[in-house]
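>>> here is my input, please return the structure:
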Amino acid sequence: MCNHSAMEFQVLNANVEIPDLIDADGFLKILPAAQYDQISSDARRLFCHKFARYGLPTVETIDWLKERIAGRRTIEIGAGAGDLAHALDIPATDNRMQEWPTIRLHYQLTGQPVIQYPDLVQNLDALDAVAHYKPDVVIASWVTEWIDPNLPPPATGGNAWGVKEDEILAAGCEYILIGNQKVHGSKKIMAEPHQEYALSFLRSRASYPALDRVWIWSE
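Numbering: from 1, shown residues only. This next block holds a predicted model:
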C-alpha cells in the first residue's frame, strides 16, 4: 500500500502529471503490464491515491484469471470501484463502507479520497454475497480482513468491517486473493493450505511492488 502521507501527495500533485487511466464509463483502462511500466512510480501512486485504487488489473492478469476461473460461477467481493469484476464480466459486490458517514469523515480527516462506487457494485457484505450467488470461485483484490473489535488490534491490520475470510473458505468456495506480501502476507488464513503465485504482470499501488502476489485456497 502506498506509504505517502497526505502532505506528500500534495507535493506530488504539484509536480507529477497524473496519467489518464480511467475510461469513458469510469472504470480503469485494462492495459498491458508493460504500458504501466512506462508510468513513473510516483505518477502511478498519485493516480491511485486520487482515484482510490489499490490493485491495477492488467491485460495479463485478466487473461490469467479467466483461464483459472474456466467458466465457473465467480463473484468478486470487496470490489471497490468494480474495475476487476467489470473486466471479468462477473458480479461485483462490496459493503460500500466508504459511503458510511463515519468512514467518510475518517477519510476526510486523513486526507484520503473515498471510493466512488458505480451502480455495478452491489451493496452486499462478502458472506451475504456468497450466500446469494453460491459461487464456485470468490475473487478479492486488496481486501482487509475482519478482526474482532473486542480484542486488541493485531499488528497485521484489519478492522471490524473487514472480510471474514475464514468463513469464505468454510463455504467451500475457491478463494483467489490478489494483494501484496507486505500488506496481506500475515493474514490469519495464510495458516491454511494454499498456493502462492508471484506473477510478473501484477501491478498495484504497493510501496514494494516486487511483493505483489496471488494466493489461492481451494479444496
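>>> could you pull out the helices for the chain?
Per DSSP state H, the chain has helices spanning 6-15, 33-36, 41-51, 59-69, 83-88, 101-109, 126-133, 165-170, 181-184. These are given in chain order.
>>> deepest-packed of those helices, please.
Comparing the helices of the chain by mean neighbour count (mean count of other C-beta atoms under 10 Å), helix 83-88 ranks first with a mean of 23. (Each C-beta comes from the backbone N, C-alpha and C, glycine too.)
>>> how far out from the middle of the chain is it?
Offset of helix 83-88 from its chain centre (C-alpha atoms, centre = their mean, to the nearest Å): 12 Å.
>>> which neighbouring elements make contact with that helix?
Secondary-structure packing of helix 83-88 (3 or more C-beta pairs under 8 Å, 6 or more residues apart in numbering; DSSP states H and E): helix 59-69, strand 74-77, strand 92-94, strand 137-141.
>>> so the first one versus strand 137-141, what angle?
Pointing back at helix 59-69 there. Following axes from the mean of the first three to the mean of the last three C-alpha atoms, to 10 degrees, one obtains 160 degrees for the angle between helix 59-69 and strand 137-141.
>>> quick one, grab the pLDDT at the nearest residue to Asn159 once chain neighbours are set aside.
Using C-beta to C-beta, 6 or more residues apart in numbering and skipping the chain neighbours, the partner closest in space to Asn159 is Thr144 (5.8 Å). Looking at Thr144, its pLDDT stands at 90.
>>> circling back to that earlier point, output the helices and strands packed on helix 83-88 in a markdown table, with distance to Ala131 and mean pLDDT appended to each entry.
Converted to a markdown table, the helices and strands packed on helix 83-88 look like this (distance: least, C-beta to C-beta, whole Å; pLDDT from 0 to 100):
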| stretch | distance to Ala131 | mean pLDDT |
| --- | --- | --- |
| helix 59-69 | 20 | 98 |
| strand 74-77 | 11 | 98 |
| strand 92-94 | 11 | 98 |
| strand 137-141 | 12 | 98 |
